[in-house]
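Trainee: give the three-dimensional model of this entry:
(chains A, B and C)
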Amino acid sequence: MSFVSTLDGHVEKAARSILGMRLRTEFQGRVTEILLTEVEAYGGSDDAASHAYRGPTERNRSMFGPPGTLYVYRSYGVHWCANVATGPEGTGRAVLLRGGVPLEGKAVMQKRRGRLDQLADGPGKLAQALGIDAIHDGTSVIDGPVRLLPRLGEVPSIVATPRIGIAKAKERAWRFVLVR
DNA sequence: ACGAGGATGCTCT
DNA sequence: GAGCATCCTCGTC
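Mentor: Numbering: from 1, shown residues only, chains lettered A, B, ... in the order given. The predicted model follows:
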């Protein structure tokens, strides 16, 4: 049992537990790590806003994997966005990683992003800063190339708001933001 | 500070 | 052929 077991529960609770964790990649010796400060929970067949709403397809199949499976999809034909499946396996529930602040490898992120600021304050930016793309889809955040690491400090303060950029199920306050 | 619009590609209807 | 779980630039106020 590790901290990752907190993923395998209700997706809303899993989303809260991921806030404050760290996300780390290490490709070709280039290390990047962020503190996760913004996430959103997505359900399965009970959540009209979720990619998993209509059941498994070629694209969303990683959402239905075991807890800790990374689901990477292309957004608006331009960006990559990363989610962590929470399980139970087969339900399609997942947490979208929407934002974070750099902890390590800031210069690498700046190079990947092509700018000096706003490095990971959005789902597309986060993936780009960490170098996450389609080849990481289906890998495990427990022991894969894109890795989730436990919180360093105590349980953070969390604010819940409606999710961003969706047309359906807007009433659910399933976006969670870390506040100091 | 804020809003409009375009880029761009893939999935599903 | 429509519709995106977005981001950036440029125009106005």
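Trainee: C-alpha from now on. contacts and neighbour counts both.
Mentor: Fine.
Trainee: which strand residues bridge the residue lying closest to A:Ala85 once chain neighbours are set aside?
Mentor: Among residues not flanking A:Ala85 along the chain, A:Ala94 sits closest, at 4.0 Å (Cα to Cα, 6 or more residues apart in numbering). Here A:Ala94 sits in beta bridges with A:Tyr42, A:Ala85, going by DSSP bridges.
Trainee: what residues are up against A:Ala94?
Mentor: The contact partners of A:Ala94, by Cα atoms under 8 Å, 6 or more residues apart in numbering, come to A:11, A:41-43, A:63, A:83-87.
Trainee: one more pass at 7 Å, please.
Mentor: A:11, A:41-43, A:63, A:83-86 (Cα atoms under 7 Å, 6 or more residues apart in numbering).
Trainee: among these, which are in reach of DNA strand C?
Mentor: A:42, A:83 (Cα under 7 Å from any atom of the strand).
Trainee: what's the closest non-adjacent residue to A:Thr69?
Mentor: A:Ser140 (4.6 Å).
Trainee: quick check: the one you found touching A:Tyr71?
Mentor: No - A:Ser140 is beyond contact range of A:Tyr71, at 9.4 Å (criterion: Cα atoms under 7 Å).
Trainee: more crowded one of those two?
Mentor: The neighbour comparison of A:Ser140 against A:Tyr71 (other Cα atoms under 10 Å) goes to A:Tyr71, with 27 against 22.
Trainee: need the contact partners of the helix or strand where the more buried one lies.
Mentor: Secondary structure assigned from DSSP states H and E places A:Tyr71 in strand A:70-75. If you take Cα under 7 Å, 6+ apart as the criterion, strand A:70-75 is touched by A:62-63, A:80-85, A:133-134, A:136-141.
Trainee: buried among those? Make that a PyMOL selection.
Mentor: The following PyMOL line selects those of those that are buried, judged by 16 or more other Cα atoms under 10 Å:
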select buried, chain A and resi 62+63+80+81+82+83+84+85+133+136+137+138+139+140+141
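Trainee: fine by me, we can end here.
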